[in-house]
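S.K.: Using only what follows, build the 3D model:
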Amino acid sequence: MELFTILRQIGILALLSLIIAMLPLAAGIAYAVRPTEARLALMRPVSLAGMFAGLAGFLAGLMAVLRPIWLAEDVPFRLIAAGLAESLVPLFVAFGCLAVAWLCAAFGLRRHV
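M.R.: Reported below is the predicted structural model:
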């Protein structure tokens, strides 16, 4: 499947959580390129926003998987597993972007000192 086809099929909350989860990466790169105290101070709240966005995307996906289980009596296990795997994507992207963002911040701190 192409990337744009996948992005067209996900919900608005998952897409929004993915976009917000990438903001710490942009802030980390900006700090690595030109380290200032203001950009480092911005890294902390943006990182929290990225973590909470990833968690919100995961929980929204989990709710979307659990609702059909509650309503239907016979839901195939493979469908549940696929839904749970898809709901982990925002969390994976958020923490991956956070890891790279803080590596960039560490590099910027090294340059700043």
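S.K.: C-alpha only now, for contacts and for neighbours.
M.R.: Fine.
S.K.: List the contacts of A26.
M.R.: A101 (Cα atoms under 8 Å, 6 or more residues apart in numbering).
S.K.: What of L7?
M.R.: L7 neighbours (Cα under 8 Å, 6+ apart): L15.
S.K.: how far is the host helix or strand of it from where the chain is centred?
M.R.: Take DSSP states H and E as the rule and L7 turns out to sit in helix 3-9. Average the C-alpha atoms of helix 3-9, do the same for its chain, and the two points are 16 Å apart (Cα atoms, centre = their mean, to the nearest Å).
S.K.: following that helix, which helix or strand comes up?
M.R.: helix 12-21.
S.K.: Please identify the buried residues of whatever helix or strand comes next after that following helix?
M.R.: The helix or strand immediately downstream of helix 12-21 is helix 23-33, counting by DSSP H and E. Within helix 23-33, the residues scored as buried using 16 or more other Cα atoms under 10 Å are L23, P24, L25, A26, A27, G28, I29, A30, Y31, A32.
S.K.: I'd like to know which elements whichever helix or strand comes after helix 23-33 is packed against.
M.R.: Next along the chain after helix 23-33, taking DSSP H and E as the criterion, comes helix 37-71. Counting contacts by 3 or more Cα pairs under 8 Å, 6 or more residues apart in numbering; DSSP states H and E, helix 37-71 packs against helix 12-21, helix 23-33, helix 77-87, helix 89-112.
S.K.: what number of residues lie near the closest residue to S87 other than its chain neighbours?
M.R.: Closest residue in space to S87, ignoring its immediate chain neighbours: G61 at 4.4 Å, by Cα to Cα, 6 or more residues apart in numbering. Using other Cα atoms under 10 Å, G61 is surrounded by 22 other residues.
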